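Student: Return a 3D structure for these sequence lines:
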Amino acid sequence: MTREVRAFAVTVLTLATLGAAAGLLWSGLTPRAPYEVTQHGTVLADPSTQALIAADGWFAVITGGLGLLCGGVGWFIGRRWMLAVLLGLCAGGVLGAMLTLWVGSTFTIGAVVIEAAAQPGAKVVPGALRLTASGVLVSWPLLAVGLFALMEGMHGYRESPLRHPYADPPDPL
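Tutor: Just a heads-up that it's a prediction; the model follows:
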């Protein structure tokens, strides 16, 4: 029982660490939406900007790629503790995605360039990263668990007697 708990904990902590690094990567790659500072607060300077959609897309690509990587590595390494690693991929994927969102929206990495057609004299500032499609938060755990299950299903079928249902009948005694 102790080894299973250790495998679960190592999997969750590894994915959480990757989540923090993925947040920095997301912050560095994603363009910022331009906001105009007005007397009523900040408003979106360019309503036709694609930066809000790009933030969701980059988040899905980064966390989805990490989900596939973690699912494959988890299946190869955690063959002895399948259930613990699988549950760790699920919980760690959720934690990693949440950490990616928090780190990416809290820290700004790299140069922030904004381009917007603003009124003369208006102050335009870059907006903070945020997700507009919250469904991309499940891309990491979904792809990690999905690839893990697919690989285990293929491996189990390859070694199954059901693969050859009409094999040679046993020798009669």
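
Student: Give the burial count for residue 22, as a bare number.
Tutor: Applying other CB atoms under 10 Å, we find 24 other residues in the vicinity of residue 22. C-beta coordinates here come from the backbone N, C-alpha and C atoms, glycine included.

Student: ok, the residue nearest the centre of the chain - contacts?
Tutor: Centre of the chain computed as the mean C-alpha position; nearest residue by CA atoms, centre = their mean is residue 63, 2.1 Å away. Residues counted as contacts of residue 63 (CB atoms under 8 Å, 6 or more residues apart in numbering) are 22, 96, 97, 100, 136, 137, 139, 140.

Student: Is it possible to get CSV of these that adds secondary structure?
Tutor: CSV is the format used below for the contacts of residue 63 (DSSP: H, G, I helix; E, B strand; the rest coil):
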residue, secondary structure
22, helix
96, helix
97, helix
100, helix
136, helix
137, helix
139, helix
140, helix
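
Student: which of those lies closest to residue 12?
Tutor: residue 96 (8.8 Å; CB to CB).

Student: Need the pLDDT of the nearest residue to the closest one once chain neighbours are set aside.
Tutor: Closest residue to residue 96 apart from its sequence neighbours, by CB to CB, 6 or more residues apart in numbering: residue 19 at 3.1 Å. pLDDT for residue 19: 96.

Student: pretty sure residue 19 is in contact with residue 100, am I right?
Tutor: Yes: using CB atoms under 8 Å, residue 19 is in contact with residue 100, at 4.8 Å.

Student: what residues are shared contacts of these two?
Tutor: residue 140.

Student: Could you give the number of residues near residue 28?
Tutor: 14.

Student: can you check residue 146 too?
Tutor: Neighbours of residue 146 (other CB under 10 Å): 14.

Student: give me the element it is part of.
Tutor: Using DSSP states H and E, the element containing residue 146 is helix 139-158.

Student: before we move on, back to that, next, work out how far apart the residue nearest to the centre of the chain and residue 97 are.
Tutor: 5 Å (CB to CB, to the nearest Å).

Student: which stretches of this protein aren't confidently modelled?
Tutor: 47-48, 110-121, 163-173 (pLDDT under 70).

Student: 80 instead?
Tutor: 1, 33-36, 38, 41-51, 108-128, 156-173 (pLDDT under 80).
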